[in-house]
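Chemist: A predicted structure for the sequence below; I have some questions about it.
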Amino acid sequence: MKTMKKLMALALVFTLVLAMAATVSAGTITVKGSIEGVNYAAYRVLDVVYPVEGDADTYYLTPAEEWKSFWYGADGAFAHSDYFTVTTIKVGSDDVDVLTPTEKFKDDSERAGFAVKAKKYADDNSSALTPAATAKGNDEDVVMTPDSLPAGYYLLTGTGTNPGMAFMAEGADIELREKNALPVLVKEAEYTSLKIGDVISYTITVDAEENIKNEKNYVIHDKMGEGLSLINTVEDGKNTGITVTLNGEALTEGEEGHYTVAVPAEDGDTFDIVFTQNLTTKAYDKIKITYQAKIVGMTGLTNDAELNENKSTDDEDVYTYEFTLSKVDQNNSQIDTDNVIFELYADEKGETPVNVVIPEDESYYRPAGEGETGTNLVDFTGSVTLKGFAAGTYYLKEKEAPDGYVKTDAVFTIDLIDIKDTEGNEIPDGKLDVEGNALTIKITNVKAETLPETGGIGTTMFYMVGSVLATGALTLLVTKKRVEDEA
């Protein structure tokens, strides 16, 4: 899923992005991805007053002259005290009303409602109002003209769209990104480990954002890879493994309810959810769909979801990682003798073993799954690969050294850290946070015959050298494996 992608569909709303310009004193408004034939208009409803010359960081918002009758009633009283407070100050010799946004105006849904009121005023008084800037959509990015606008609070409108409001600071460029009115779909996954039999919890959120159009018959498509199996049973005609809520309140499944579910769906999806005419949505409504899947294979841990046939999509791919153990001697040559045995743990003290198994007809280890006993002993000759591990930290202790070599008592750490955890990315990409995506740690086993046969200081010295060398001798080639459906 990737954690946090958004898409678009029917009626239009605006996403406002402010980008400060460093040296200019006027800004521009750009409509990103404009729609062919749509007429866009920007009205400056609040002016900006700078009480201190040369100080662009200190300013006041005041009603624009052309919009005075919107801000004040016929009796001269301020008409929008729910959204702004009014303070009268002296600027030079003039009394100026300064407007300060209230918490209500700062709320996204409330501000959207205020923008609707302002747009209605603009529509009703179009002959008396002049847009500060205009543009006509052409299916590409378009800069509204004029392209040099003063600071202020702007009402942004478009033919057949929901309006928006944006503040333009001095020298700022505002980008309006077209979004269609179908809600945004986002998928998330939660899990503690990723081995056979483990359970992944999924949440699909359908967020109406600023959409105030009542859309019905939403269809959610969900398709899992071959490595996942939906956990679901049907009781009295209801799917117990899938729950659907609207703003936290449970919705009803069935033809007479809010939605129906097809498991599996005729189109090949794992399941489809079709919302009925009984569903009513409004701006900022959130539909949540929760369900679980069990890991049944090492590959195909993908899960894709879409709203209304590719109108809004998201996927939540799960990644596992693999690493290779390779034994070397003091000359950095691989040791190919038998009986190299390590113990694998999830904690440094060795109190939580990580059991592994060798799949049938395979030559690698993977974490033991549900119903598999396994062992935390990794026995190999020369080198061995361990696959299917979730990101995290693991610990190795040598139980038996290769024949003819001295065993080390050191504890070795394997850090499988996805690069997203250190770069602040929202979505894992299956890459480890190491240069070249490979971590190498060398631990050398000294040959036993190199040690003195007698005791005394000679033996002590050689064992001390062996202990120091043991801090860098086993080679861990840690590579990423992005598990995805190869089918």
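Modeler: In hand now; what should we look at? Residues are numbered from 1 along each chain as shown.
Chemist: The stretch 1-150 of the chain: strands as residue ranges?
Modeler: 12-20, 29-32, 39-49, 60-63, 84-91, 94-101, 133-136, 142-143 (DSSP state E, counting those that start in this stretch).
Chemist: no wait, the stretch 151-300 of the chain
Modeler: In the stretch 151-300 of the chain, the strands defined using DSSP E, counting those that start in this stretch lie at 152-158, 164-168, 172-180, 184-190, 199-207, 219-224, 228-230, 234-235, 238-239, 243-246, 249-250, 259-262, 271-275, 286-295.
Chemist: And for the stretch 351-487 of the chain?
Modeler: 356-357, 366-367, 377-380, 383-389, 392-400, 411-416, 444-445, 474-481.
Chemist: now those in a markdown table, with mean neighbour count and mean pLDDT?
Modeler: Any C-beta I mention is one placed from the backbone N, CA and C, and that applies to glycine too. As requested, these are exported to a markdown table (neighbours: other C-beta atoms under 10 Å; pLDDT from 0 to 100):
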| stretch | mean neighbour count | mean pLDDT |
| --- | --- | --- |
| strand 356-357 | 20 | 88 |
| strand 366-367 | 23 | 86 |
| strand 377-380 | 17 | 80 |
| strand 383-389 | 21 | 81 |
| strand 392-400 | 18 | 88 |
| strand 411-416 | 17 | 85 |
| strand 444-445 | 24 | 67 |
| strand 474-481 | 19 | 44 |
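Chemist: Tabulate the ones you listed (JSON lines), appending distance to A132.
Modeler: Below are the strands of the stretch 351-487 of the chain laid out as JSON lines (distance: least, C-beta to C-beta, whole Å):
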{"stretch": "strand 356-357", "distance to A132": "67"}
{"stretch": "strand 366-367", "distance to A132": "62"}
{"stretch": "strand 377-380", "distance to A132": "70"}
{"stretch": "strand 383-389", "distance to A132": "58"}
{"stretch": "strand 392-400", "distance to A132": "55"}
{"stretch": "strand 411-416", "distance to A132": "54"}
{"stretch": "strand 444-445", "distance to A132": "73"}
{"stretch": "strand 474-481", "distance to A132": "51"}
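Chemist: Any idea which of the strands of the stretch 1-150 of the chain gets closest to F380?
Modeler: Proximity to F380, assessed across the strands of the stretch 1-150 of the chain by C-beta to C-beta, is greatest for strand 12-20 (53.9 Å).
Chemist: got any ranges where the stretch 151-300 of the chain has weak pLDDT?
Modeler: Applying pLDDT under 70 to the stretch 151-300 of the chain flags the ranges 160-162, 176-184, 208-217, 277-278, 280-283.
Chemist: How far does stretch 146-160 sit from its chain's centre?
Modeler: Taking C-alpha atoms, centre = their mean, to the nearest Å, one finds stretch 146-160 lying 31 Å from the centre of the chain it belongs to.
Chemist: which of the residues in that stretch are buried?
Modeler: L149, A151, G152, Y153, Y154, L155, L156, T157, G158 (16 or more other C-beta atoms under 10 Å).
Chemist: Turn those into JSON lines, columns for distance to E343.
Modeler: Shown next, in JSON lines, are those (distance: C-beta to C-beta, whole Å):
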{"residue": "L149", "distance to E343": "68"}
{"residue": "A151", "distance to E343": "66"}
{"residue": "G152", "distance to E343": "68"}
{"residue": "Y153", "distance to E343": "65"}
{"residue": "Y154", "distance to E343": "65"}
{"residue": "L155", "distance to E343": "67"}
{"residue": "L156", "distance to E343": "63"}
{"residue": "T157", "distance to E343": "68"}
{"residue": "G158", "distance to E343": "65"}
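Chemist: angle of the helix of greatest length in the chain against strand 152-158?
Modeler: Using DSSP state H to define each element, the chain has its longest helix at helix 108-124. Interaxial angle of helix 108-124 relative to strand 152-158 (axes from the mean of the first three to the mean of the last three C-alpha atoms, to 10 degrees): 70 degrees.
Chemist: circling back to that earlier point, now render the strands of the stretch 1-150 of the chain as a markdown table, adding mean pLDDT.
Modeler: As requested, the strands of the stretch 1-150 of the chain are exported to a markdown table (pLDDT from 0 to 100):
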| stretch | mean pLDDT |
| --- | --- |
| strand 12-20 | 33 |
| strand 29-32 | 82 |
| strand 39-49 | 91 |
| strand 60-63 | 92 |
| strand 84-91 | 88 |
| strand 94-101 | 90 |
| strand 133-136 | 92 |
| strand 142-143 | 90 |
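Chemist: before we move on, the earlier item: could you work out the most separated pair of the buried residues of stretch 146-160?
Modeler: Largest separation among those by C-beta to C-beta: A151 and G158, giving 22.2 Å.
Chemist: G350: which of the strands of the stretch 351-487 of the chain is closest?
Modeler: Between G350 and the strands of the stretch 351-487 of the chain, the shortest gap by C-beta to C-beta is with strand 392-400, which sits at 6.0 Å.
Chemist: What is that closest one packed up against?
Modeler: Judged by 3 or more C-beta pairs under 8 Å, 6 or more residues apart in numbering; DSSP states H and E, strand 392-400 is in contact with strand 340-345, strand 411-416.
Chemist: which residues are in contact with the first one?
Modeler: Taking C-beta atoms under 8 Å, 6 or more residues apart in numbering as the criterion, the residues outside strand 340-345 that touch it are 325, 327, 350-354, 356, 376-382, 386, 394-402.
Chemist: First-to-last residue distance for stretch 32-48?
Modeler: Stretch 32-48 stretches 26 Å from its first residue to its last (C-alpha to C-alpha, to the nearest Å).
Chemist: I misspoke; the intended subject was stretch 32-42.
Modeler: Terminal residues of stretch 32-42 lie 15 Å apart, using C-alpha to C-alpha.
Chemist: swap in stretch 399-412?
Modeler: Using C-alpha to C-alpha, the end-to-end distance of stretch 399-412 comes out at 12 Å.
Chemist: quick one: it to chain centroid distance?
Modeler: In terms of C-alpha atoms, centre = their mean, the centre of stretch 399-412 is found 43 Å from the chain centre.
Chemist: any weak-confidence spans in the stretch 301-450 of the chain?
Modeler: Along the stretch 301-450 of the chain, the parts satisfying pLDDT under 70 run over 309-313, 338-339, 419-445, 449-450.
Chemist: just the helices in it please.
Modeler: Listed in chain order, the helices of the stretch 301-450 of the chain (DSSP state H, counting those that start in this stretch) span 420-423.
Chemist: ok, back up a step: to D418, which of the strands of the stretch 151-300 of the chain lies closest?
Modeler: Set against D418 and scored by C-beta to C-beta, these come closest in strand 184-190, at 13.6 Å.
Chemist: helices or strands next to the closest one in the packing?
Modeler: strand 199-207, strand 303-307, strand 312-315.
Chemist: circling back: so for E110, which of the strands of the stretch 351-487 of the chain sits nearest?
Modeler: strand 392-400 (43.0 Å).
Chemist: is it true that G392 touches T413?
Modeler: No - judged on C-beta atoms under 8 Å, G392 makes no contact with T413 at a distance of 11.1 Å.
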